[in-house]
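In: Structure for the following, please:
(one chain, ligands or ions: 3)
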Amino acid sequence: MNYIEKIDMERVPQHIAIIMDGNGRWAQLRGKERQEGHQAGAVAVRQLVEDALKLGVKYLTLYTFSTENWKRPIAEVAALMALLFESVEEELFVKHNVAFRIIGDMSKLPDNVRDRLNGCVERTANNNAMTLVLALSYSSKWEITEAVRSIASKVKDGNMELADITDEAIDNALATSFMPDPDLLIRTGKEQRLSNFLLWQLAYAEFYFTEVLWPDFNKEELCKAIYEYQCRQRRYGLTGEQVTNDEKTL
Ligand code: IPE
Ligand code: IPE
Ligand code: MG
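Out: Numbers count the residues shown, from 1 in each chain. Ligands and ions are numbered 1, 2, ... in the order given. Have a look, this model is predicted:
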C-alpha cells in the first residue's frame, strides 16, 4: 500500500511526537555494536525531519535521550553524546527554516554538547516553517516536578493565588509551554509504553505503535501512521454524533 498517496494533506497532524526506540535491537539483529544502531538512527532522524517538513507538520518532538538513559553503560552514554554533538546540523535548520528547541535537564549534558545545542537554539529561534524539539535528558516526571516547584514557589512568595493553579497555568509551567500538545504519538520498536514521556501533554493524543525499529522508520512508515490517525475520530469525551455534527457546521 502506498500511504504517501493515501493521506489527506489538509489533515496532517499539527504536532507529532515520536519515541524513537529500537536502535540497539536493529544493530544486534545485524551482528553490529549497539552504537551502529544509534548512528543509523541519527540518519533516520535527518531524513524524517525533511519528510515531516514537506508534509506540513508544524511541531515534531523526538524523544532522544531519557533521564533513565543516563543509567546505561558509560561507553554507550558517551557515544550517544558524541553522536548528538556531531548530528545537530545547524545548516540544515537554516536551509529549511526550522526552529530548533530542547526540552530536558540541560545541566546534565557535557559542556560542549550543551553549548552547541544552545547556540543552535538561539540562532534558529526566528525560523518558522517547523519547530523541531529534542527531548533530551528528559523525563515527564522531572518536568512535572519542576513545574510544581515553580508554581509552589510563586504561591509561597505571594505572587500567585491557589485559585490561579489551573490547567492552563500548569501548561504554562511545563517545558513544552511554547507549543500545542501532540496530536499523534508514534512509538517504534514494538514496546507499548510511554517510558516517562509527555505524560501530561499526551492526555488526548492518538497513539500509534509499530514494530518497525527506529533506523528503518521512513516516510512511508510516517505516512502510514498519519493515515491511521486520519481514520480515527477524536471525540474528547463527546459522542460520535456530536463530533460529526460539529464537523458539518464548521
Ligand atoms: C532508542 O533505542 C535510543 C535511545 C534510547 C537512546 P534503544 O537504544 O533503546 O534500542 P533498543 O530498545 O535497545 O533496541
Ligand atoms: C525510551 O526508550 C527513550 C527514548 C527513546 C529516548 P527506552 O529504550 O529507554 O525505553 P524503555 O527502557 O524500553 O522503556
Ligand atoms: Mg529501547
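In: Surely residue 66 touches residue 195?
Out: Yes. The pair residue 66 and residue 195 passes the contact test of Cβ atoms under 8 Å, sitting 6.3 Å apart. For the C-beta atoms, the positions are set from N, CA and C on the backbone; glycine is no exception.
In: Please report the distance of the closest residue to ligand 1 within the chain from ligand 2.
Out: Here the residue of the chain nearest ligand 1 is residue 24; by Cβ to the nearest ligand atom that distance is 2.7 Å. Between residue 24 and ligand 2 the distance is 8 Å, computed by Cβ to the nearest ligand atom, to the nearest Å.
In: ok, that residue - how many residues close by?
Out: By other Cβ atoms under 10 Å, the residues close to residue 24 number 21.
In: tell me the contacts of it?
Out: When contacts are counted by Cβ atoms under 8 Å, 6 or more residues apart in numbering, residue 24 touches 34, 37, 38.
In: next one: residue 93
Out: 99, 100, 120, 124, 127, 132.
In: Recalculate using a threshold of 7 Å.
Out: 100, 120, 124, 127 (Cβ atoms under 7 Å, 6 or more residues apart in numbering).
In: And residue 108, by the same measure?
Out: Contacts for residue 108 were tallied using Cβ under 7 Å, 6+ apart; they are 70, 137.
In: which phi and psi does residue 131 have?
Out: Backbone torsions of residue 131, given as degrees, to the nearest 10, read phi -110, psi 120.
In: so it sits right up against residue 59, yeah?
Out: Yes. In this structure, residue 131 is within contact of residue 59 by Cβ atoms under 7 Å, at 5.0 Å.
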